[in-house]
Each structure stands twice: as C-alpha cells, then as structure tokens.
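Engineer: let me see the structure of the following:
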Amino acid sequence: MIRIRQAATAAVLLCLLSGCGNERSPRQQVRDTLEIAAESAGDRDLDRLGGFISEDYRDAEGRDRRGLIQMVALYFRSADTLFLRKRIHTIEVVGPREAHATVVAAIADVPMTDLDLNRLSADFVRFELRFLREGKKWKLVEADWESVSLTEFLNSAE
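Structural biologist: Below is the predicted model:
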C-alpha cells in the first residue's frame with residue numbers, strides 16, 4: 001500500500017513539475033498543490049514543503065519565506081511525530097495567476113481518524129492561503145492561520 005501511495009505521489013509531483021498539470025483546471029492544480037504540500041508536512045519533509053513557498057512570500061506577522069520555513073522547522077523539531085488531517089474548505093481561482101484557499105487541519109502527535117478526534121489532544125487550525133502561479137507551479141505567497149474548534153474542522157467540506 002505504501003509503495004502505491006509513493007508511486008501515486010511521485011506521478012502527481014512529476015506531472016506538476018513537468019507541466020502536464022496544465023491540462024487540469026487551475027482549481028484542480030491548486031487542489032493538487034495542497035494535497036502534496038499537506039503530505040510533505042505530514043512526512044516532515046521541509047525541503048519538499050519549501051518548494052511550494054514563493055520567494056515573494058510575506059504574511060501579516062512580517063515573516064518572509066525563510067522565516068516561515070524556520071517556523072515550520074521549529075515546529076517539526078518540537079514534535080516527535082506529526083499526524084495531519086486536512087479538509088479543503090474552499091478554493092477560489094481569482095484570475096489566471098491567483099487563487100485563494102481555506103484549509104482546516106487537525107494536527108496531532110498520534111494517528112487519528114474522524115471517530116477519535118474527540119478523544120485526542122489535537123490542534124485544529126484554519127489556514128487562509130493565497131497562491132500565485134509562478135511559471136507552471138502554484139506557490140504560496142501569503143498565509144494566515146488561527147485556532148478553531150473541532151466542530152469547525154468536522155463541518156469543513158472535503
């Protein structure tokens with residue numbers, strides 16, 4: 001099962017990098033980007049995750065790309081294990097080069113399913129993300145996040 005998952009991920013990543021993702025709608029391309037970025041975060045793969053962040057990244061807290069990567073690296077170091085469940089709430093393509101997405105995530109240090117989220121000590125976070133198309137890839141240029149409730153996580157669309 002793991003080999004199939006790795007092969008599928010590699011195929012999607014190759015497709016994105018080689019440009020064959022152009023046949024997919026911009027909305028689907030952003031969804032694919034979110035899927036691979038979430039998997040990279042779950043795998044604690046900072047190099048691959050950094051590939052989705054624009055050199056022009058800035059957020060309301062004053063972080064640039066390097067600052068965001070450092071913050072994520074500190075988070076990865078502070079947790080022995082990381083399990084991530086995400087739900088894409090919305091993806092809105094604003095124009096040919098810009099898209100916004102809202103993603104709600106559950107982050108825990110033990111494996112989880114929706115059935116046991118009530119019993120877990122998980123953090124629930126809503127991410128407001130802004131992407132720009134840079135060449136053939138969608139890259140994160142701005143992000144904002146805040147803690148939310150289990151109810152909001154469960155009520156988010158997927």
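
Engineer: starting at the chain centroid, how far to stretch 78-95?
Structural biologist: 4 Å (C-alpha atoms, centre = their mean, to the nearest Å).

Engineer: who touches that stretch?
Structural biologist: 25-27, 30-31, 34, 38, 41-42, 44, 76, 99-112, 114, 126, 153, 156-158 (C-beta atoms under 8 Å, 6 or more residues apart in numbering). Yep, even glycine has a C-beta here, placed from its N, CA and C like the rest.

Engineer: buried ones in that stretch, by neighbour count?
Structural biologist: 84, 85, 86, 87, 88, 89, 91, 93 (16 or more other C-beta atoms under 10 Å).

Engineer: what do you get for stretch 149-158?
Structural biologist: Applying 16+ other C-beta under 10 Å to stretch 149-158 flags 153, 156 as buried.

Engineer: next one: it to chain centre, how far?
Structural biologist: That offset, for stretch 149-158, works out to 16 Å (C-alpha atoms, centre = their mean).

Engineer: what is the mean pLDDT for it?
Structural biologist: Averaged across stretch 149-158, pLDDT comes to 80.

Engineer: which other residues reach stretch 59-71?
Structural biologist: 46, 49, 50, 53, 54, 55, 56, 57, 58, 142, 143, 144.

Engineer: from residue 37, how far out is the first one?
Structural biologist: Put plainly, it is residue 46. Relative to residue 37, residue 46 is positioned 12 Å away (C-beta to C-beta, to the nearest Å).

Engineer: check which helix or strand residue 30 maps to.
Structural biologist: helix 26-42 (DSSP states H and E).

Engineer: among the contacts of stretch 78-95, name the ones in strands.
Structural biologist: 99, 100, 101, 102, 103, 104, 105, 106, 107, 108, 126 (DSSP state E).

Engineer: cool, thanks, signing off.
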